[in-house]
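Participant: pasting the structure only:
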């Protein structure tokens, strides 16, 4: 796995919006954080473009992703927000460069940071052996809940190469045992959308992360079972289940929670399942390095520099 250099004062970092649109006021707290860490921020040329719900049309967003990944000096790329659009952005980028994997191999290694819809880009980077960071998007610096600073600190430390340890005191662990393995995955809906495509993650002998937001319970059941049928859970080291919040139900209840859905589908497969890991769309969103090893010592999740 190719692991980018950790950030130092004076490094150049970039901000792009591969999915939904943003306005300047959305990112002011993020800009202040970049300045506090003495990094040099460059905004992508089309950052504040708007086309319907997107940050510009597909070609404009693809142009910005191209600009960021091919930037000769930048050490990190931050995502402005999630939403929907990254899959269209990658498709438009392929119109510019043809074989994206060949093109990416010629670019200077740098961190890509984001989550939710950015899972599509993470999956592409994982496929090409680039480590990346599943962490907050820039609009979240302006939130006001009590975990905002903890989330910012977690990302700051991850970018600077500080050893990270996440307590699982509030988590439920099924099939408790220690493990170490390469971390892959991200948002369940985007993993589900990748099935049967070149972006489908290879999770064999790895640790798989899933999380999601605002889905019908029967959709969760469909996605978990489709992932199982596609072999995604076969021979994995462990399953990390991040936040599964704001779930919806029909007038006739589905009758099972996300935890029950997952246990019913894969609970007998024998690998450790860690529920309620503080990663994803809930208030606590701990940053983790995808493509890098993660260790569970039966009480904490640990990632070394």
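Facilitator: Cool, the structure landed. These numbers were taken from a predicted model, which means no experiment stands behind them.
Participant: how does the chain divide into domains?
Facilitator: Following automatic domain parsing, the chain resolves into domains at 12-159, 164-303.
Participant: centre of the chain to the longest one, how far?
Facilitator: Between the mean C-alpha location of domain 12-159 and the chain-wide mean there is a distance of 11 Å, by CA atoms, centre = their mean, to the nearest Å.
Participant: need the domains of the chain in a markdown table (columns: distance to residue 1, mean neighbour count and mean pLDDT).
Facilitator: No exception for glycine: its C-beta is placed from N, CA and C like everyone else's. Shown next, in a markdown table, are those (distance: least, CB to CB, whole Å; neighbours: other CB atoms under 10 Å; pLDDT from 0 to 100):
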| stretch | distance to residue 1 | mean neighbour count | mean pLDDT |
| --- | --- | --- | --- |
| domain 12-159 | 5 | 19 | 98 |
| domain 164-303 | 5 | 18 | 97 |
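Participant: make CSV out of those and add distance to residue 4.
Facilitator: Formatted as CSV, these follow (distance: least, CB to CB, whole Å):
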stretch, distance to residue 4
domain 12-159, 5
domain 164-303, 10
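Participant: for residue 3, which of those is the nearest?
Facilitator: Closest of those to residue 3 is domain 12-159, at 4.6 Å (criterion: CB to CB).
Participant: end to end on the closest one, go ahead and measure it.
Facilitator: In terms of CA to CA, to the nearest Å, the two terminal residues of domain 12-159 are separated by 13 Å.
Participant: can you check stretch 64-83 too?
Facilitator: Using CA to CA, the span of stretch 64-83 from its first residue to its last is 17 Å.
Participant: separation between residue 11 and residue 74?
Facilitator: According to CB to CB, to the nearest Å, residue 11 and residue 74 sit 8 Å apart.
Participant: let me fix that, I meant to ask about residue 156.
Facilitator: For residue 156, the distance to residue 74 - CB to CB - is 17 Å.
Participant: same deal with residue 122?
Facilitator: In this structure, residue 122 and residue 74 are 18 Å apart, going by CB to CB.
Participant: and if you look at residue 224?
Facilitator: Distance from residue 224 to residue 74, by CB to CB: 37 Å.
Participant: what helix or strand is residue 89 on?
Facilitator: helix 86-97 (DSSP states H and E).
Participant: what's next to that helix, contact-wise?
Facilitator: The contact list for helix 86-97 (CB atoms under 8 Å, 6 or more residues apart in numbering) reads 18-19, 54, 58-59, 61-63, 65-66, 100, 103, 117-121, 124, 190, 193.
Participant: wait, residue 297 sits on residue 178?
Facilitator: Yes: with contact defined as CB atoms under 8 Å, residue 297 reaches residue 178; the gap is 5.5 Å.
Participant: nearest spatial neighbour of residue 70, chain-adjacent residues omitted?
Facilitator: Of all residues not flanking residue 70 in the chain, residue 107 sits nearest, at 5.4 Å (CB to CB, 6 or more residues apart in numbering).
Participant: which parts of the stretch 51-200 of the chain are strands?
Facilitator: With strands called from DSSP state E, counting those that start in this stretch, the stretch 51-200 of the chain shows them at 76-79, 111-114, 132-134, 164-167, 172-174, 179-187.
Participant: which one, of these, ends up nearest to residue 259?
Facilitator: strand 172-174 (7.6 Å).
Participant: one step back: now the strands of the stretch 51-200 of the chain as CSV including distance to residue 246?
Facilitator: Formatted as CSV, these follow (distance: least, CB to CB, whole Å):
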stretch, distance to residue 246
strand 76-79, 21
strand 111-114, 20
strand 132-134, 19
strand 164-167, 22
strand 172-174, 20
strand 179-187, 14
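Participant: who wins for proximity to residue 266 among those?
Facilitator: Per CB to CB, nearest to residue 266 of those: strand 172-174, 9.7 Å.
Participant: mind listing what the closest one pairs with, with the direction of each?
Facilitator: Here strand 172-174 has these sheet partners by DSSP bridges: strand 273-275 (antiparallel).
Participant: what residues are up against the closest residue to residue 247 other than its chain neighbours?
Facilitator: Nearest residue to residue 247 in three dimensions, chain neighbours excluded: residue 217, at 5.6 Å (CB to CB, 6+ apart). Taking CB under 8 Å, 6+ apart, we find residue 217 in contact with 247, 248, 249, 254, 256, 257, 258, 261.
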